[in-house]
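In: missing the sequence, but the structure's below:
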């Protein structure tokens with residue numbers, strides 16, 4: 001992936017996120033005030049798993065609280081099953097084929113494994129690439145790690 005491809009991907013992602021939270025994003029929004037109050041929530045990471053990924057993102061807490069639940073629920077649901085979490089945790093180490101995942105992770109039967117991979121793929125958590133390999137896209141690594149860390153914190157595992 002070239003630097004231009006990565007930049008274009010990041011610009012598209014920022015535009016989509018700004019649209020989702022109603023943030024001013026272009027000249028047509030120039031006179032619009034940003035959402036007021038509530039403070040900010042952010043996350044950052046500098047991760048070396050199957051490559052190096054660095055990320056820093058901050059959002060208005062008020063805008064986050066107003067995000068549409070129907071857009072958040074599929075991702076949380078995809079991560080909300082122990083077998084799918086195990087698959088994601090394994091895929092954070094690098095791309096794997098379904099056969100490799102069957103050997104490494106207890107995802108149930110072959111049919112159940114493909115069901116779980118389909119759910120993760122549909123939610124954008126995992127992508128299916130060349131040669132039938134599944135992977136966590138580099139731009140998803142830090143957000144997924146943050147989601148897992150937040151879940152551990154909420155679940156009392158960090159105290």
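Out: That came through, no problem. Quick caveat, the model's predicted, so the values are computed rather than measured.
In: And the pLDDT for residue 12?
Out: Per-residue confidence for residue 12 comes out at a pLDDT of 69.
In: now do residue 29
Out: Residue 29 carries a pLDDT score of 42 in this model.
In: gap between the closest residue to residue 50 other than its chain neighbours and residue 154?
Out: What sits nearest to residue 50 in space, not counting adjacent residues and going by Cβ to Cβ, 6 or more residues apart in numbering, is residue 94, at 3.8 Å. No exception for glycine: its C-beta is placed from N, CA and C like everyone else's. When distances are taken as Cβ to Cβ, to the nearest Å, residue 94 and residue 154 turn out to be 28 Å apart.
In: Then residue 86?
Out: Applying Cβ to Cβ to residue 86 and residue 154 gives a distance of 19 Å.
In: what's the answer for residue 41, then?
Out: Residue 41 is 14 Å from residue 154, where distance means Cβ to Cβ.
In: Then residue 143?
Out: 16 Å.
In: got the domain boundaries for the chain?
Out: Under automatic domain parsing, the residue ranges defining each domain of the chain are 1-34, 69-154.
In: Packed most tightly, which of these would that be?
Out: Looking across those with neighbours counted as mean count of other Cβ atoms under 10 Å, the highest average goes to domain 69-154: a mean of 16.
In: got the end-to-end distance for that domain?
Out: Between the opening and closing residues of domain 69-154 there is a gap of 19 Å (Cα to Cα, to the nearest Å).
In: ok, back up a step: would you turn the domains of the chain into JSON lines with distance to residue 47?
Out: Below are the domains of the chain laid out as JSON lines (distance: least, Cβ to Cβ, whole Å):
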{"stretch": "domain 1-34", "distance to residue 47": "16"}
{"stretch": "domain 69-154", "distance to residue 47": "6"}
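In: quick one: which of these is nearest residue 59?
Out: Counting by Cβ to Cβ, residue 59 lies closest to domain 1-34 out of these; the figure is 6.7 Å.
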